[in-house]
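S.K.: What shape does this take:
(one chain, ligands or ions: 2)
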Amino acid sequence: MERIKALIADDDESILWVLEKFLQEKSIEVVKARDGIEARRLLHEPGLSIAIIDINMPGAGGLEVLKDAGESGSRAAIIIMTAEGTMKNTLEAMKLGAFDYATKPFDLGELEVMVDRAVEHVRMKTRLTNLSDRLKERLAGETVFVGKSKAVQDVFKTVGKVAHRDVTVLILGESGTGKELMARLIHMNSPMGEGPFVAVNSAAVPRELMESEIFGFEKGAFTGAVEGKKGKFELADGGTLLLDEIGDMNVDLQARLLRAIQEKEFYRVGGKEPVKVDARIIAATNQDLERAVHEKRFREDLLYRLNGVTLKLPPLRERKGDVPILAEYFLDRFAREFGGERKTLSEKAIEALENYRWPGNVRELENVLRRAVLLCPSLKLSLSDLNLPASRQQRDSLEEIISAKLKPFIERTDHRSKQELYSFMMPFMERPLIKLVLEKTRGNQVQAAEVLGINRNTLRKKMKDLNIKIMDIK
Ligand SMILES: Nc1ncnc2c1ncn2[C@@H]1O[C@H](COP(=O)(O)OP(=O)(O)OP(=O)(O)O)[C@@H](O)[C@H]1O
Ligand SMILES: [Mg+2]
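M.R.: Ligands and ions are numbered 1, 2, ... in the order given. This next block holds a predicted model:
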C-alpha cells in the first residue's frame with residue numbers, strides 16, 4: 001500500500017514535535033510548515049492526503065489556508081487545530097470544508113481516531129475518483145477515429161508507420177476535423193502511451209500568458225508569482241505534448257519553442273536552472289503554415305522541425321461516405337452516454353446529413369446529433385428533428401450564384417433609362433425553376449405544384465405564360 005503523507009503546520013515547535021512523533025509511529029510521512037505561507041505551498045505537495053493545521057499562525061491563519069485549499073482544489077483532508085473556547089472559529093472551519101477540528105491541548109487518542117478516519121476518507125475518495133474516471137472513460141468510449149473513406153484510411157496507414165517512432169507529427173485540418181482526437185490516438189499507440197497527454201492551445205491562451213503556460217515560471221518571476229508552477233512542457237514529460245493551433249503562436253515564442261524542442265531542455269520563466277524534458281511533440285493547426293511562413297507569421301525553421309510527418313485530415317464534405325458511419329457511431333455513443341434507447345435516423349434525415357456542407361466538420365455533426373437525440377422524444381429522428389441550418393446555407397449560396405450571374409448584366413444596363421427590368425428578368429428566373437422541377441417529377445404537374453408550393457392552377461397558368469410545354473420536358 002502506498003504511504004500516506006501528512007502536512008503539519010504550527011508555529012509552536014513543541015506541537016510540531018509531538019505531532020510528528022505521533023504520525024511517524026503510524027508510518028505516516030510528515031512534511032512540516034511553521035507559518036501559513038509555507039503551509040499553503042506545501043498543501044500542493046504531490047501525494048499529500050492529510051493536513052493538520054493550526055488556526056493561528058504568522059503569514060496566514062489556518063482558516064485562510066483552508067479557504068485557499070478549497071479554491072485550489074486540494075484533495076487533502078484538513079484538520080484544524082483550535083485553542084479552547086473558540087466556537088465561532090470551529091464553525092467557520094467546518095463551513096470552509098475542514099474535515100474535522102481538534103481542540104488544544106489535544107488528547108492523542110482522540111486525534112488518532114480523527115487521523116484514521118481522515119486516512120480512510122481520503123482512500124475512499126481516491127478509490128471513487130479512480131472508479132468514476134474509469135467509468136467515464138468507458139462511457140466516453142474508446143478513443144476511436146471513425147472513417148472508412150480512402151482519405152482517412154491513408155491517414156491511418158501513415159499513423160501506423162510513425163506512431164511508435166519518435167518523429168514530430170504535424171496535423172493539418174479545418175476546425176472540427178478531429179485533429180486533437182488524432183493526436184490522442186497517436187499518443188496512445190506510442191511508447192509514451194502510458195505517460196501523460198498534455199495539450200496547450202495557442203489560440204485559447206492570451207499571448208502574454210502563453211510563455212509561462214508552456215514553460216512554467218519560478219517563484220518571484222513576476223508580480224503575483226508567489227509560488228513556482230510547472231508549464232505544460234514539463235507536465236508532458238514522459239508523454240506527449242500537443243501544441244494545438246500552433247499557427248496562432250507568437251513569433252518570439254516560436255523561437256524559444258524551437259530551441260526547447262531541439263535541446264530537450266529549457267528554462268522556466270525567471271528560472272536559472274535548465275529543466276530537462278523528454279516528450280513527444282505533436283503540433284496541430286487549421287492554418288496554412290506555408291503561407292504563414294511567407295507572411296512572416298511563422299518561422300520556417302520551426303515548420304521544418306515540426307513537420308517530420310504531416311497528416312492532412314480532410315474536411316467532412318470531401319468524404320461524404322463517412323457521414324452515415326459517423327452518424328451511427330455518435331448515435332451509439334449518445335445512447336450509452338445519456339442512457340435510454342438508441343435512436344435511429346429516417347432515410348430523408350440521412351440523405352440530408354450527406355448533402356450538408358459541414359463547415360464545422362465532425363464536431364458540427366456530433367453537435368447536431370447530440371441536440372436531436374436530447375430534444376427529440378421519438379426514437380426515429382426525422383429531417384426536421386435535425387434542425388440543420390442547411391436551407392439557410394443553400395439559400396445564401398444560391399443567392400451568391402444568382403447575384404454573380406446577374407451582376408455583369410446589370411452593370412451593362414443604363415441606369416438612367418426606363419427599362420421595366422423587373423418584369424423583363426422574372427421569367428428568366430421562373431422558367432428554369434419550373435422546368436427543372438417538372439423534369440424532376442417527370443412531368444407530373446400535381447407533384448410539381450406541391451414541390452413548388454403553388455396551386456396547380458397557378459402552375460398551369462405560369463406554364464402557359466412562360467411557354468413551357470410538357471412535351472418539351474425531358
Ligand atoms: N473521425 C472521428 N471519429 C469520431 N469522432 C470524431 C472524429 N473526428 C472528430 N471527432 C469528434 O469531433 C469533435 C471534434 O474533434 P477535435 O476536437 O479532435 O477536432 P479539431 O480538429 O481539434 O477541432 P478544432 O480545430 O476546432 O480544435 C470531438 O468531439 C471528436 O471526438
Ligand atoms: Mg482542436
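
S.K.: confidence score at residue 312?
M.R.: Each residue has a pLDDT score; the one for residue 312 is 96.

S.K.: swap in residue 100?
M.R.: Taking residue 100 on its own, its pLDDT is 87.

S.K.: and if you look at residue 157?
M.R.: Residue 157 is given a pLDDT of 90.

S.K.: Now residue 41: phi and psi?
M.R.: Main-chain torsions, residue 41, degrees, to the nearest 10: phi -70, psi -40.

S.K.: Contacts only, for the closest residue to residue 274 other than its chain neighbours.
M.R.: Residue nearest to residue 274 in three dimensions, not counting chain neighbours: residue 265, with 4.6 Å by Cβ to Cβ, 6 or more residues apart in numbering. For every residue, glycine as well, the C-beta is placed using N, CA and C. The contact partners of residue 265, by Cβ atoms under 8 Å, 6 or more residues apart in numbering, come to 274, 275, 276, 277.

S.K.: Ranking by neighbours, what's the top pick from the residues you listed?
M.R.: residue 277 (20 neighbours; other Cβ atoms under 10 Å).

S.K.: OK, contacts around that one?
M.R.: Contacts of residue 277 (Cβ under 8 Å, 6+ apart): 233, 234, 236, 237, 260, 264, 265, 266.

S.K.: Near the nearest residue to it once chain neighbours are set aside, how many other residues are there?
M.R.: Nearest residue to residue 277, sequence neighbours excluded (Cβ to Cβ, 6+ apart): residue 237, at 4.6 Å. Residue 237: 17 surrounding residues under other Cβ under 10 Å.

S.K.: just checking, residue 237 touches residue 264?
M.R.: No. With contact defined as Cβ atoms under 8 Å, residue 237 does not reach residue 264; the gap is 10.0 Å.

S.K.: Now the common contact residues for the two.
M.R.: 277, 278.

S.K.: which residues touch residue 81?
M.R.: By Cβ under 8 Å, 6+ apart, the neighbours of residue 81 are 10, 15, 52, 53, 54, 55, 62, 101, 102, 103, 104, 106.

S.K.: Go through the residues you listed and name the one nearest ligand 1.
M.R.: Set against ligand 1, the nearest of these by Cβ to the nearest ligand atom is residue 53 (41.6 Å).

S.K.: What residues does that closest one make contact with?
M.R.: 7, 8, 9, 10, 39, 62, 65, 66, 78, 79, 80, 81.

S.K.: Before we go further, the first one is sitting in a helix, right?
M.R.: Okay, so that is residue 7. No. Applying DSSP: H, G, I helix; E, B strand; the rest coil, one finds residue 7 to be strand, outside a helix.

S.K.: any idea how far residue 362 is from the residue in the chain that ligand 1 sits nearest to?
M.R.: Residue nearest to ligand 1 within the chain (Cβ to the nearest ligand atom): residue 178, separated by 2.7 Å. If you measure residue 178 against residue 362 using Cβ to Cβ, to the nearest Å, the figure is 5 Å.

S.K.: which of these two has more neighbours?
M.R.: residue 362 (26 against 23).

S.K.: Which secondary structure state is assigned to residue 180?
M.R.: helix.

S.K.: correct me, but it touches residue 243?
M.R.: No. Using Cβ under 8 Å, residue 180 makes no contact with residue 243, being 11.3 Å away.

S.K.: Now the common contact residues for these two.
M.R.: residue 284.

S.K.: Compare neighbour counts for these two and give me the winner.
M.R.: A side-by-side neighbour count of residue 180 and residue 243, using other Cβ under 10 Å, places residue 243 first with 25 against 17.

S.K.: Could you report the distance from the more buried one to residue 276?
M.R.: In terms of Cβ to Cβ, residue 243 sits 19 Å off from residue 276.

S.K.: Quick check: residues of this protein near ligand 1?
M.R.: 145-147, 173, 175-181, 286, 326, 362-363, 366 (Cβ under 6 Å from any ligand atom).
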